[in-house]
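Engineer: dropping the sequence and predicted coords here.
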Amino acid sequence: MSNIFWVVLYFALTACIGIWMMRKKSSVADFFVAKKGLSWLLIIPLLFAEMIAGAGTVGNAGDAFKYGISSVWMNWGMSLGVIFVLVTVTIFYRVMGNKKNVISVPEAFKHRFDQKTRMVMMAILVLVYIMLFAMQPIAAASILAPMLGIAKMKLVWIMGILFILLTVTGGMKGLAWMNVLHSTVMYLGLGIVAYVSVKAAGGIGHMQAVLPPSFFEFTKPSLGIVIGTALGTCLSYACASTVVSTIFGGATMKDVKKGFWGASILVLIFALFPALIGIAAKVVMPKAAAASVLYTMANYSGNLYGVLAAMGVLAAILSTAPALLLITATMLTRDFFKSIKPDATEKQERSFANYSMIALGLIATYMGMNATSILAGLVGAFNIRAIAGLVLAVSLVWPRVDSRAAFWSMLLGGLTAGIWHFSGNPYSVSSLWPSLIVGVPLLVGLTLMAKNPESDGYLVYKQALEESNAEGGVA
C-alpha cells in the first residue's frame, strides 16, 4: 500500500503543476513553446527530459544487463547531439523564431526550403515521436507492475491515459516546471540506487573479476552499431522538436547556451547510473528479466531502494512522455491544421491540438505493447530522423542546397531508415548507414545540379539573419 501511496502522490504533484500553469497561459505560442519564457534553469530540466527518457533509462539498464557498459551510447549520443545543435543550427532556429514567428521544426524547414519539404519533415517527426512515445507506457509498466502488483498490460493503458491528461493540462512551460521536480528525483533516486547496487555486487573490482571483459568495453556488441547509435542520435538532434522548442522559448541566447551545456553535462553522468545497475544485476541475479532488471536489482538491495528506482524511472517517463505528445500536436496543429484552415482561431487550434494528443496517445500506447526491445525502438526512431538533421546542417554552410535536394534526400533517406528498422536491421547493420548511403549522394548530386549558387531558401534565411545583426545581433 505504501508503494501505491508514493506513486499516486507523485502523479498528483505533477498534475498540480500542470493545472497551475494551465491557468497562467495566454496564447497558443505560450502553450506550445513558451515563447521566450524559459530561463536557463528551466531549459536544463526540459532538455534533460528529452535526453533521459524513461524508456531510455529502462532500456539502458536492460541492455547493460545483456552486454555491458556500452549501453550508454544512445544517451551519450544525445548529449553530443545537443552540442552539435548549439554549434550548427541554433542561430538558424532562433532567427526563424524571431523574424518569421516560427514555432515548429517543419515551419522552419518551410522557410529554408519549401512547403513540400515541410510536409516531409512533419511526416518524419510525427512517426518518430509516435515511436518514442510508444516506448514510455510500456517502460513505466515494466517498472511499476512488479512494484504495485498490477497486471502489466492493464498498467500500460493506465499510464498511457495518464500521460495524455498531463500533456493536455501542462503546455511547454508547465512541462519545464514539472521537469524541475522530475530531474531532481531522477538524479537522486537512480544515483543512490546505482551506488548501492554496485556495493551489493561487491564493488567495481569484483564485478570486473566475475563478468567477461566485454561488459566493460564501450564497443559492444560491435563498433559499427555503437557508431551508428551515437552518430545517428547526434545528427537527429538538429531536428529534435523539444530541443528546438527550447531555442524558440529561451529568454535570451545566453540562456539557451547555458541550458544546452548544462543538460549535456548532466546526461553524460546520468547515463552511467542505469548502466551500472544493469551490470550489477548481471552479477547478483544473472537469470533476471532484462526488461525489469532496474527495479528488481534495486529491490534486491532493499525495499526502500526499489521505491527510489521506481520513482526515478517514473520521473524520467513523466518528464518525457507528455513532451513527446505536446510537440507532435504542435506540428500537426501548425503544419497541417493551419495549412488547411489558415483562418483558424486560437480556440480552434487548441481544440485540434487536444484531440490530436488524445488520439495519438491512444494509438501509440497500443503500438508500444508489441515492442520487443525498448532501446532498439528508440535508436531506430532517432536514425529515421538523422538524415533530416544532416540536410539542415549542411544547407546552412552550403547555400546551394535547394528544396529539390532537401526534399528527395530526406524523403528517400528517411524512408530507407524506416524500412530497414522495421525489417529488423538486416545483417545487424544500424539503419543509419543505409539511410546515409541513399540520402547523402542524393543531397550532394542534386545540389551540384542546382542552377543558383545561393538557393531561394538560403536567401530568406540570409536576409533574416542580416536584419537580426543590424538590430544588434541574434537575441
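Structural biologist: Thanks, I have it. Residues are numbered from 1 along each chain as shown.

Engineer: the helix or strand hosting residue 85: how far from the chain's middle?
Structural biologist: Using DSSP states H and E, the secondary-structure element containing residue 85 is helix 73-88. Between the mean C-alpha location of helix 73-88 and the chain-wide mean there is a distance of 11 Å, by Cα atoms, centre = their mean, to the nearest Å.

Engineer: so what touches it?
Structural biologist: By Cβ atoms under 8 Å, 6 or more residues apart in numbering, the list of residues contacting helix 73-88 from outside reads 47, 50-52, 56, 59-60, 218, 226, 229-238, 240, 243-244, 247, 256-257, 260-261, 263-265, 267-268, 270-271, 375, 378-379, 382, 393, 396. No exception for glycine: its C-beta is placed from N, CA and C like everyone else's.

Engineer: how many other residues sit next to residue 338?
Structural biologist: When neighbours are defined as other Cβ atoms under 10 Å, residue 338 has 18 of them.

Engineer: what's near enough to touch it?
Structural biologist: Per Cβ under 8 Å, 6+ apart, neighbours of residue 338: 344, 349.

Engineer: tell me how far it lies from residue 111.
Structural biologist: Relative to residue 111, residue 338 is positioned 15 Å away (criterion: Cβ to Cβ, to the nearest Å).

Engineer: low-confidence regions, the stretch 101-250 of the chain specifically.
Structural biologist: Scanning the stretch 101-250 of the chain for pLDDT under 70 picks out 169-179.

Engineer: what about 80?
Structural biologist: 139-140, 142-149, 166-183, 242 (pLDDT under 80).

Engineer: ditto for the stretch 251-400 of the chain
Structural biologist: Going by pLDDT under 80, which is the cut-off in play, the stretch 251-400 of the chain has low-confidence ranges at 291, 310-323, 327, 330, 334, 346, 369-378.

Engineer: hmm, 70 instead?
Structural biologist: For the stretch 251-400 of the chain, residues meeting the criterion pLDDT under 70 lie at 319, 371-375.

Engineer: skipping adjacent residues, who's closest to residue 163 in space?
Structural biologist: Nearest non-adjacent residue to residue 163, counting by Cβ to Cβ, 6 or more residues apart in numbering: residue 321, 4.2 Å away.

Engineer: kindly report the same for residue 96.
Structural biologist: Closest to residue 96 by Cβ to Cβ, 6+ apart is residue 102, at 4.2 Å.

Engineer: over to residue 91?
Structural biologist: Nearest non-adjacent residue to residue 91, counting by Cβ to Cβ, 6+ apart: residue 474, 5.7 Å away.

Engineer: so when I look at the one you found, I'm seeing a strand, right?
Structural biologist: No. When DSSP: H, G, I helix; E, B strand; the rest coil is applied, residue 474 is found to be coil, with no strand at that position.

Engineer: which residues does it contact?
Structural biologist: Shown in contact with residue 474 (Cβ under 8 Å, 6+ apart): 91, 94, 95, 98, 253, 465, 468.

Engineer: next, give phi and psi for it.
Structural biologist: Backbone torsions for residue 474, taken as degrees, to the nearest 10, come to phi -80, psi 110.

Engineer: with residue 423 instead?
Structural biologist: Torsion angles at residue 423 (phi, psi; degrees, to the nearest 10) stand at phi -90, psi 0.

Engineer: now do residue 399
Structural biologist: Backbone geometry at residue 399, expressed as degrees, to the nearest 10, gives phi -60, psi -20.

Engineer: residue 305 now?
Structural biologist: For residue 305, the backbone dihedrals (degrees, to the nearest 10) come out as phi -70, psi -30.

Engineer: distance of it from residue 212?
Structural biologist: The value you get for residue 305 to residue 212, if Cβ to Cβ is used, is 26 Å.

Engineer: what segments of the stretch 51-200 of the chain are helices?
Structural biologist: Counting by DSSP state H, counting those that start in this stretch, the stretch 51-200 of the chain has these helices, from start to end: 54-67, 73-88, 90-100, 105-112, 115-148, 152-200.

Engineer: tell me which of the ones you listed sits most buried.
Structural biologist: Taking mean count of other Cβ atoms under 10 Å as the contact definition, the stretch among the helices of the stretch 51-200 of the chain with the greatest mean neighbour count is helix 54-67, which reaches a mean of 28.

Engineer: take the contacts of helix 73-88 and keep only those in helices.
Structural biologist: Assignment to helices by DSSP state H places the following of those there: 47, 50-51, 56, 59-60, 226, 229-236, 243-244, 247, 256-257, 260-261, 263-265, 267-268, 270, 375, 378-379, 382, 393, 396.

Engineer: pull out the buried residues from the residues you listed.
Structural biologist: The neighbour-count test (16 or more other Cβ atoms under 10 Å) applied to the ones in helices among the contacts of helix 73-88 identifies 47, 50-51, 56, 59-60, 226, 229-236, 243-244, 247, 256, 260, 263-264, 267-268, 270, 375, 378-379, 382, 393, 396 as buried.

Engineer: who's in contact with residue 383?
Structural biologist: Applying Cβ under 8 Å, 6+ apart, we find residue 383 in contact with 228, 232, 233, 236, 417, 421, 430, 431, 432, 435.

Engineer: make JSON lines out of the residues you listed and add distance to residue 310.
Structural biologist: Written out in JSON lines, the entries for the contacts of residue 383 read as follows (distance: Cβ to Cβ, whole Å):
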{"residue": "228", "distance to residue 310": "32"}
{"residue": "232", "distance to residue 310": "30"}
{"residue": "233", "distance to residue 310": "26"}
{"residue": "236", "distance to residue 310": "29"}
{"residue": "417", "distance to residue 310": "34"}
{"residue": "421", "distance to residue 310": "30"}
{"residue": "430", "distance to residue 310": "32"}
{"residue": "431", "distance to residue 310": "32"}
{"residue": "432", "distance to residue 310": "33"}
{"residue": "435", "distance to residue 310": "36"}
